[in-house]
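> from the sequence below, what's the structure:
(one chain, ligands or ions: 1)
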Amino acid sequence: TTGPALEPANPLAKAPVGRPPRTVDGFAREFLRELNFGEGVALSRSSQNDQYLALARTIRHYLMADWLETARRRREHPTKMVGYLSAEYLLGRQMGNALLATDLGAIADQALRSLGLDLRTLRAQEVEPGLGNGGLGRLAACFVDSLATMDVPCIGYGIRYEYGIFRQTFEGGRQVEVPDSWLSLGGPWEFPHPDRAVTVGFGGSTETFVEETADGSGHQITRSRWVPAWNVLGVPYHYMVPGYQNGVVNTLRLWSARATQAFDLQIFNSGDYATAVRAQTFAENISKVLYPEDSTPQGRELRLQQQYFFVACSLKDFIDRTLEKDFDLHRLPERIIFQLNDTHPVIAIPEMMRLLMDEHGMEWDEAWSVTQRCFAYTCHTLLPEALEVWPVELVGRLLPRHLEIIYRINEEFLETVRETFPGDELRVRRMSIIQDHPERAVRMANLATVAGVKVNGVAELHSQLLRDKVLPDFSELWPDKFTNVTNGVTPRRFIRLANPTLSQLITDTIGVGWETKLERLESLEPYAEDEEFRERFAAAKQANKTRLRELLAVRDGIELPEHGMVDVMVKRLHEYKRQTLKLLHIVSLYEQIISGKVAKDAIVPRTFVFGAKAAPGYHMAKEIIYLINSVAATVNADERVKGVLTVAFPANYNVTLANKLIPAADLSEQISLAGKEASGTGNMKFALNGALTIGTDDGANVEIRKLVGDDNFFLFGMDEPQVAALQAKGYVPSAVYESNPQLRSAIDLIASGHFTGGDRGLAATVVDDLLYNDRFMTLADFQSYIDVQGEVDEAYRDQERWTRSAILNVARSGFFSSDRSMKDYLRRIWMPTHD
Ligand code: BZD
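Residues are numbered from 1 along each chain as shown. Next up is the predicted model:
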């Protein structure tokens with residue numbers, strides 16, 4: 001625990017921590033001190049990694065005064081805070097962001113140069129913390145960035161996975177996963193606090209006992225308490241979350257699991273080493289590795305342990321350490337709103353109830369009233385199979401007290417349902433927090449909806465479908481509980497850092513400050529008609545493409561042509577996202593050229609870039625990766641299409657690679673089946689970097705199109721009502737195949753083994769699924785996609801027109817700043833009475 005407040009005898013201790021000098025020499029000196037005193041090496045003997053670590057620590061010095069000062073300010077003037085609860089933070093590299101936040105880039109560059117070192121080389125040394133799967137984890141990272149930039153008090157709570165999302169490699173075109181040991185060369189951005197470890201219980205049983213009520217009436221009540229069977233320690237690691245050049249540094253607090261005892265010395269001494277360390281290994285497994293499944297939850301015990309572990313640590317941390325001592329917990333909702341990033345942290349709800357009742361003596365009704373005002377829930381999916389349910393058996397075994405509490409919440413909730421809808425037992429069953437089939441299990445989304453102040457979807461369409469299709473009974477019961485907050489992305493990382501050339505052009509044109517007021521991009525709009533501006537804009541894009549060529553040559557040995565359109569599809573590999581639709585387009589173009597149906601020079605030269613990881617256990621997704629790589633190898637080696645069609649699939653798509661790819665893209669592929677992609681956030685990053693979108697009416701695409709205008713967006717495919725109608729009518733993919741010769745030729749060429757070394761079997765999984773299942777209606781949207789890709793070609797031939805459209809995409813996408821998302825959360829969810 002934290003000791004008593006220090007009364008320092010030495011007045012120096014009261015002075016604010018020093019700020020290192022913001023000069024080239026001053027920076028160089030700080031750096032050398034870190035190298036010598038921190039790493040214990042002389043510059044002449046230092047490795048690149050030593051230099052990177054020392055540089056990171058040097059930059060930290062420049063944030064430290066602001067960090068301590070922000071914390072002091074928040075302690076002395078406590079206000080309502082946001083506790084962002086997320087099992088994932090896909091942070092991306094820290095160094096560039098820290099340099100940008102402190103505006104030290106130029107100084108650091110010159111200081112290092114004066115020592116014969118190169119900033120870019122050292123920045124490239126950083127292994128990004130990949131503590132997330134994809135959109136959901138990256139969103140959490142964007143949100144904490146925006147909250148710091150807006151000076152909103154926020155603590156991000158999560159898990160310090162020792163291994164993040166796996167590193168993807170390809171062997172013979174197949175995905176092979178390698179552990180991501182991101183910490184192995186040191187973690188210079190983190191601050192461990194083992195002395196502040198929190199104890200978390202698991203297992204055991206509950207006991208009931210009788211107690212007199214606190215009101216002195218002499219009444220007795222039966223209470224329950226939990227006697228866990230085993231404990232683990234949660235060690236907090238703190239990370240700085242700097243605001244953009246505003247003197248604010250918030251905190252991200254990630255928990256690492258430790259055993260309560262290192263090992264059993266008796267057993268160790270008897271020679272049984274494995275048994276001696278078993279308890280330790282077991283405990284430390286909890287934060288060992290990020291689960292790489294980004295849908296289809298497996299209901300695995302370790303995953304529930306992870307979830308409970310981090311929320312138990314976080315609630316305890318907030319109540320015992322962040323609130324002032326003796327704070328009246330009845331007023332807790334005045335001081336915190338916990339935002340639940342999907343259902344992963346939802347076990348926090350019964351944990352809060354348990355803390356308030358069993359550890360702080362509240363009665364059920366009081367505790368429930370407090371709990372109901374402390375949580376809000378964000379849903380990120382529409383796929384029913386992605387909604388988490390935990391088997392009652394497992395919850396009861398791991399968290400018996402929580403199961404009791406969940407049962408009671410459910411009982412009281414179902415009573416309300418029965419009162420509101422008498423005689424409607426089917427409805428009661430649908431709404432129950434406990435499902436009976438196929439097994440008895442806790443429906444985490446229902447629990448979150450019952451307990452939360454608000455439930456939000458992540459784009460207009462998604463929030464609508466959430467109300468109408470995913471949780472319709474709940475939205476009927478509590479229409480006001482449901483709201484929308486459209487996602488956003490941080491312009492600091494995804495424009496300023498990722499695209500310095502475009503950033504410079506924007507600043508030269510509309511002045512400074514757009515990075516925190518992204519709606520100002522609007523004033524770029526008239527420049528779409530300015531020829532000189534268009535030239536500079538096009539030159540910036542070209543420069544980004546050249547940089548990408550150079551990178552992929554070195555990173556992956558991939559040769560890209562110098563000219564032509566760069567067409568990019570980067571996101572997790574999922575059938576609903578329809579990478580196979582993109583693949584069918586490529587194969588179709590290729591087939592038409594090699595069969596002589598279309599002349600090579602009738603097609604706009606294109607480089608198709610894919611980036612995608614598949615969940616290791618997702619068989620179909622891995623087959624699709626193999627097929628993309630097979631098509632890439634065949635197409636790239638075929639002289640008949642050389643210079644016209646190029647397919648690049650660099651391995652290990654991550655935040656670092658995203659920052660290189662997105663600024664170089666001309667065309668952004670957002671081609672999910674309508675009604676399946678909750679929002680998408682890559683789509684926003686592309687538009688903001690001046691790529692045009694080809695996309696379906698899905699997720700945030702709908703809003704992008706509305707803002708940038710139909711003329712600057714390539715819409716294709718069925719909309720959600722059409723999808724639903726086709727589903728209802730009965731969809732037969734083979735009939736589409738039979739009736740469309742162009743589609744047939746493309747599929748036949750794949751099925752013939754042309755891309756798989758003559759082996760038809762190697763393509764069969766994907767082909768058979770398309771023909772006989774095609775759950776996501778790829779074939780149904782094929783012709784529309786091909787037609788609109790024709791329009792894309794035509795538009796690209798008119799480079800003036802294309803550039804004009806690209807500029808308008810940038811100018812009209814300011815809405816997609818995550819700063820705007822944060823304002824919406826504040827107004828609609830976190831501080832609704834604020835204005
Ligand atoms: O969340 C994604 C959605 O698919 C996107 O449409 C949306 O834009 C983003 C942000 O709201 N969902 C995920 O990324 N989900 C996961 O990564 C995930 C991870 C673990 C378990 C389940 C889902």
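
> for residue 88, see how far away the closest residue to the ligand within the chain is.
For the chain and the ligand, the shortest gap (C-beta to the nearest ligand atom) falls at residue 135, measuring 2.9 Å. Backbone N, C-alpha and C define where each C-beta goes, glycine included. Residue 135 sits 10 Å away from residue 88, going by C-beta to C-beta, to the nearest Å.

> swap in residue 134?
Separation of residue 134 from residue 88 (C-beta to C-beta) stands at 9 Å.

> now residue 643
Taken as C-beta to C-beta, the span from residue 643 to residue 88 is 41 Å.

> now the host helix or strand of residue 794: buried residues?
Per DSSP states H and E: residue 794 is located in helix 778-797. By neighbour count on 16 or more other C-beta atoms under 10 Å, the buried set for helix 778-797 is 778-783, 785-786, 788-789, 792, 795-796.

> can you tell me what sits against stretch 255-270?
157-160, 162, 192, 194, 197-199, 231-237, 275-277, 279-280, 282-287, 309-310, 313-314 (C-beta atoms under 8 Å, 6 or more residues apart in numbering).

> over to stretch 538-551?
For stretch 538-551, contacts defined as C-beta under 8 Å, 6+ apart pick out 499, 501-502, 505, 560, 562, 566, 660-661, 663-664, 666, 690, 799, 803, 806.

> for the record, mean pLDDT for that stretch?
Average pLDDT, stretch 538-551: 98.

> got it, and stretch 120-131?
Here the average pLDDT along stretch 120-131 is 98.

> off-centre distance for the longest helix anywhere in the chain?
Criterion DSSP state H: the longest helix present in the chain is helix 48-76. Centre-to-centre, helix 48-76 and its host chain are 25 Å apart (C-alpha atoms, centre = their mean, to the nearest Å).

> helices or strands up against it?
Using 3 or more C-beta pairs under 8 Å, 6 or more residues apart in numbering; DSSP states H and E as the contact test, the elements touching helix 48-76 are helix 24-33, helix 95-102, helix 105-114, helix 119-123, strand 230-242, strand 249-259.

> hmm, 7 Å instead?
helix 24-33, helix 95-102, helix 119-123, strand 230-242, strand 249-259 (3 or more C-beta pairs under 7 Å, 6 or more residues apart in numbering; DSSP states H and E).

> tell me what angle it forms with helix 95-102.
50 degrees (axes from the mean of the first three to the mean of the last three C-alpha atoms, to 10 degrees).

> following helix 48-76, which helix or strand comes up?
Taking DSSP H and E, what comes next after helix 48-76 is strand 81-85.

> what lines up beside that following strand in the sheet?
strand 154-159 (parallel), strand 336-341 (parallel) (DSSP bridges).

> about what we covered before: among the contacts of stretch 538-551, which has the minimum pLDDT value?
Ranking the contacts of stretch 538-551 by pLDDT, residue 562 lands last with 92.

> where does the closest residue to that one other than its chain neighbours fall, phi/psi-wise?
Nearest residue to residue 562, sequence neighbours excluded (C-beta to C-beta, 6 or more residues apart in numbering): residue 549, at 7.1 Å. Main-chain torsions, residue 549, degrees, to the nearest 10: phi -60, psi -50.

> then residue 608?
phi -100, psi 120.

> beta-bridge partners for it, please?
Counting by DSSP bridges, the residues bridging with residue 608 are residue 567, residue 647.

> my read is that it contacts residue 647, right?
Yes: counting by C-beta atoms under 7 Å, residue 608 touches residue 647, with 4.8 Å between them.

> what is in contact with these two at once?
residue 586 (C-beta atoms under 7 Å, 6 or more residues apart in numbering).

> between residue 135 and residue 88, which is the more surrounded one?
Taking other C-beta atoms under 10 Å, residue 135 and residue 88 do not tie; residue 88 has more neighbours (28 against 23).

> circling back to that earlier point, could you dump the buried residues of helix 778-797 into JSON lines with pLDDT added?
JSON lines is the format used below for these (pLDDT from 0 to 100):
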{"residue": "778", "pLDDT": "99"}
{"residue": "779", "pLDDT": "98"}
{"residue": "780", "pLDDT": "98"}
{"residue": "781", "pLDDT": "99"}
{"residue": "782", "pLDDT": "99"}
{"residue": "783", "pLDDT": "98"}
{"residue": "785", "pLDDT": "99"}
{"residue": "786", "pLDDT": "98"}
{"residue": "788", "pLDDT": "98"}
{"residue": "789", "pLDDT": "98"}
{"residue": "792", "pLDDT": "98"}
{"residue": "795", "pLDDT": "98"}
{"residue": "796", "pLDDT": "98"}
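
> let's have the residues you listed in a markdown table, adding distance to the ligand.
Formatted as a markdown table, the buried residues of helix 778-797 follow (distance: C-beta to the nearest ligand atom, whole Å):
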| residue | distance to the ligand |
| --- | --- |
| 778 | 18 |
| 779 | 23 |
| 780 | 21 |
| 781 | 18 |
| 782 | 23 |
| 783 | 26 |
| 785 | 20 |
| 786 | 25 |
| 788 | 22 |
| 789 | 23 |
| 792 | 23 |
| 795 | 27 |
| 796 | 27 |
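
> quick one, phi/psi of residue 621?
Dihedral angles of residue 621 (phi, psi; degrees, to the nearest 10) stand at phi -60, psi -40.

> find the nearest non-adjacent residue to it, please.
Closest to residue 621 by C-beta to C-beta, 6+ apart is residue 614, at 3.5 Å.

> so how far is residue 182 from the spatially most central residue of the chain?
Nearest to the mean C-alpha position of the chain, by C-alpha atoms, centre = their mean, lies residue 137 at 2.1 Å. Relative to residue 182, residue 137 is positioned 14 Å away (C-beta to C-beta).

> just residue 676 next, same as before
Using C-beta to C-beta, residue 676 is found at 31 Å from residue 182.

> okay, those two: which has more neighbours?
residue 676 (24 against 19).

> in which helix or strand does the closest residue to residue 789 other than its chain neighbours reside?
What sits nearest to residue 789 in space, not counting adjacent residues and going by C-beta to C-beta, 6+ apart, is residue 585, at 5.9 Å. Secondary structure assignment for residue 585, by DSSP H and E: helix 579-594.

> so what secondary structure elements neighbour that helix?
helix 619-637, strand 645-648, helix 741-751, helix 778-797.

> which residues touch it?
Residues contacting helix 579-594 (C-beta under 7 Å, 6+ apart): 569, 573, 598, 600, 603, 608, 610, 612, 624, 627-628, 631, 635, 640-641, 644-645, 647, 669, 671, 742, 745-746, 749-750, 766, 770, 778, 781-782, 785-786, 789.

> go again with 8 Å.
By C-beta under 8 Å, 6+ apart, the residues outside helix 579-594 that reach it are 569, 573, 597-600, 603, 608, 610, 612, 624, 627-628, 631, 635, 638, 640-641, 644-645, 647, 669, 671, 742-743, 745-747, 749-750, 755, 766, 770, 778, 781-782, 785-786, 789.

> look up how far residue 374 lies from residue 200.
Counting by C-beta to C-beta, the gap from residue 200 to residue 374 is 19 Å.

> actually, residue 230.
28 Å.

> and these two? which has more neighbours close in?
residue 374 (22 against 14).

> confidence score at residue 221?
The predicted local confidence for residue 221 is 85.

> ugh, typo on my part, it should be residue 299
So, for residue 299, pLDDT stands at 66.
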